[in-house]
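1. With the sequence up front, the predicted model follows.
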Amino acid sequence: MSEQPNAFPAPSEGMAVTLFLTVSDVARSRRFYSEVLGGEIVLEENPCTIRLANSWVIMNPGGGPTPDKPDVTLRPPDGAATVSSFMNLRVADIQATYREWTAKGAEFLTPPLDREAELRCYLRDPDGYLIEVGQATGMLHGHFARKT
């Protein structure tokens with residue numbers, strides 16, 4: 001694996017948005033985000049940084065408080081039933097993505113379902129983080145999800 005330090009999310013102006021994930025095994029997560037989802041390894045560790053399409057996923061093990069976050073402990077999810085946030089990946093062809101990622105070992109909760117505004121399905125990464133995979137369909141023509 002070759003690291004790509006020039007691809008690190010360090011803008012010369014404005015900002016770049018990255019997603020930080022606390023993971024239990026950096027190597028396992030790095031393989032998932034690079035080999036299954038097709039991300040580019042920017043930095044292998046400390047912190048592991050993957051360029052995923054037009055975003056970055058940063059992964060590091062958990063740990064206790066530090067001077068800049070004195071009352072915060074980082075740890076991976078401890079259960080699959082409750083989620084407070086998730087990654088949302090928008091793809092051009094959800095059926096092809098579903099087939100490709102399933103062949104590479106991804107385990108989806110369901111196949112893609114037609115939600116009228118979009119086709120959508122979910123999978124989990126090795127630590128249990130929820131990832132939504134969606135393809136805009138009806139929303140491209142003004143048909144959005146119904147309000148709940």
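-> Happy to help now that I have it. Numbers count the residues shown, from 1 in each chain.

2. Going by C-alpha atoms from here, please, whenever you check contacts or count neighbours.
-> OK.

3. ok, and the closest non-adjacent residue to the residue nearest the centre of the chain?
-> Centroid-nearest residue in the chain: M87, 4.7 Å away (criterion: CA atoms, centre = their mean). Nearest residue to M87, sequence neighbours excluded (CA to CA, 6 or more residues apart in numbering): I131, at 4.8 Å.

4. would you say I131 is within a strand?
-> Yes: assessed by DSSP: H, G, I helix; E, B strand; the rest coil, I131 belongs to a strand.

5. these two touch, right, it and V83?
-> No: in this structure, I131 is not within contact of V83 by CA atoms under 8 Å, at 10.7 Å.

6. Among the two, which residue is more densely surrounded?
-> Just comparing I131 and V83: by other CA atoms under 10 Å the higher neighbour count belongs to I131, 17 against 11.

7. Pull the contacting residues for that one.
-> By CA atoms under 8 Å, 6 or more residues apart in numbering, the contact list for I131 reads F86, M87, N88, L89, Y122, L123, R124, D125.
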